[in-house]
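Enquirer: sequence first, then the predicted structure, then my questions.
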Amino acid sequence: MRRELRGWRVLVTGASQGIGEAFALEMAKAGARLALTARSEDKLDAVVQSVRIAGGEAHVIPADLTNELDRKAVLGSAVEVLGGLDGLVNNAGLGSWNHFADGTEQGFRDMMEINFFTPAELMREAIPVLMKGHQPAIMNIASRCGRCALPSWTEYSASKAALVGLTESLRTEYARFGIDVLLSLPGKTATDFLRNCRLATGKAQLKFEEGMRPEVVAKALVNQLVRNKRETWIGRDSYWMLMVQRFMPGLIRRKLASKVRELYAPAA
Ligand SMILES: NC(=O)c1ccc[n+]([C@@H]2O[C@H](COP(=O)([O-])OP(=O)(O)OC[C@H]3O[C@@H](n4cnc5c(N)ncnc54)[C@H](OP(=O)(O)O)[C@@H]3O)[C@@H](O)[C@H]2O)c1
């Protein structure tokens, strides 16, 4: 099946910057009609301006998506301004770059709220509206860490692995509603993701600025929606890491453990 994006009505979370912003622009170029949400209204306004300059349609719905009432209001507003809904793209997320021993229970729970419970509850709430949509789909932006957990990304990896599990399960359950459920696993992308991390006490050199451009990820996501691909691994790093993990899981574990020992070796 090919999904026709011209006139497709979609709610995009985390659209104020980074991958979500680039995706909104790419979707607008494909003719989609957009409802954009995140907490930063000023940044969302700027994205809407760019969409309109590109000849597209977008509406701002500011919200803290970890808040249940905000979530319900966002879905209601999206349906109202777009006259229904065909798609939901769960992109909003938060990282935490720290060893588990250095984290806190509250911090971990806060991250699970936005990375897991928010998309989970949006997916539940959106069923009745999406069922009435045209070629309806949900796309969840997880991460390569959701399939191959990385040290210092421990809590983040766990939150994305939970999202991967939920996505795979709902893909089969939502078949009864005629809603496609798609999963994306991007690799390192040059956004403010690391700067926005809840904690950043990890030790390795990450060099996010050398990651993929968000526009590259955005194009891959649009292509996934059009082709209705069940799962995509975006970026060379994601592809190779997930291939090695699939065929030589022991090798990856040994390499990572040895790197951790090296970085955390007591000073001589
Ligand atoms: N960058 C990477 O290397 C990478 C790799 C793989 C996967 N990903 C995933 O891709 C997605 C986007 O990442 P990014 O790199 O674009 O990160 P980013 O630049 O930090 O953007 C995160 C987005 O999530 C929104 N958000 C965070 N907390 C929110 C909340 N409580 N309520 C509503 N919106 C909230 C932020 O908006 P406000 O702050 O305005 O609320 C922002 O729009 C995330 O799910 C991330 O895990 C990123």
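Expert: On my side now, so go ahead. Residues are numbered from 1 along each chain as shown.

Enquirer: number of residues surrounding the closest residue to residue 13 other than its chain neighbours?
Expert: Among residues not flanking residue 13 along the chain, residue 92 sits closest, at 4.0 Å (C-beta to C-beta, 6 or more residues apart in numbering). The C-beta positions use only the backbone N, C-alpha and C, and glycine is treated the same way. Neighbourhood size, residue 92 [other C-beta atoms under 10 Å]: 24.

Enquirer: cool, and residue 95?
Expert: If we define neighbours as other C-beta under 10 Å, then residue 95 has 22 of them.

Enquirer: how about the closest residue to the ligand within the stretch 51-200 of the chain, secondary structure?
Expert: Closest to the ligand within the stretch 51-200 of the chain is residue 93: 2.2 Å, counting by C-beta to the nearest ligand atom. Following DSSP: H, G, I helix; E, B strand; the rest coil, residue 93 is assigned to coil.

Enquirer: which ones are touching it?
Expert: Residues in contact with residue 93 (C-beta atoms under 8 Å, 6 or more residues apart in numbering) are 14, 114, 115, 141, 143.

Enquirer: what subset of those is buried?
Expert: 14, 114, 115, 141, 143 (16 or more other C-beta atoms under 10 Å).

Enquirer: which SS class is the third one?
Expert: When classified by three-state DSSP, residue 115 comes out as helix.

Enquirer: could you list the paired strands of the strand of greatest length in the chain along with their orientation?
Expert: The longest strand of the chain (DSSP state E) is strand 180-186. Strand partners for strand 180-186, identified by DSSP bridges, are recorded as strand 137-141 (parallel), strand 231-234 (parallel).

Enquirer: dump those strands into CSV; add mean pLDDT and distance to the ligand as well.
Expert: Below are the strands paired with strand 180-186 laid out as CSV (pLDDT from 0 to 100; distance: least, C-beta to the nearest ligand atom, whole Å):
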stretch, mean pLDDT, distance to the ligand
strand 137-141, 98, 5
strand 231-234, 98, 8
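
Enquirer: quick one: closest of the ones you listed to residue 151.
Expert: strand 231-234 (20.4 Å; C-beta to C-beta).

Enquirer: list the buried residues in that closest one.
Expert: 232, 233, 234.

Enquirer: what is the burial count for the nearest residue to residue 125 once chain neighbours are set aside?
Expert: In space, and not counting its chain neighbours, residue 125 is closest to residue 75: 5.4 Å by C-beta to C-beta, 6+ apart. Other residues within reach of residue 75, judged by other C-beta under 10 Å, total 24.

Enquirer: wait, a strand at residue 75?
Expert: No. Using three-state DSSP, the secondary structure at residue 75 is helix, not a strand.

Enquirer: so it sits against residue 128, correct?
Expert: No. Counting by C-beta atoms under 8 Å, residue 75 does not reach residue 128; the two are 9.8 Å apart.

Enquirer: what does the stretch 1-150 of the chain put close to the ligand?
Expert: 14, 16-20, 38-40, 43, 64-66, 91-94, 114, 141, 143 (C-beta under 6 Å from any ligand atom).

Enquirer: let's see 5 Å
Expert: Residues of the stretch 1-150 of the chain lying near the ligand by C-beta under 5 Å from any ligand atom: 14, 16-20, 38-40, 64-66, 91-93, 114, 141, 143.

Enquirer: repeat that for the stretch 151-268 of the chain.
Expert: Counting by C-beta under 5 Å from any ligand atom, the positions of the stretch 151-268 of the chain adjacent to the ligand are 186, 188, 189, 191, 192, 193, 196.
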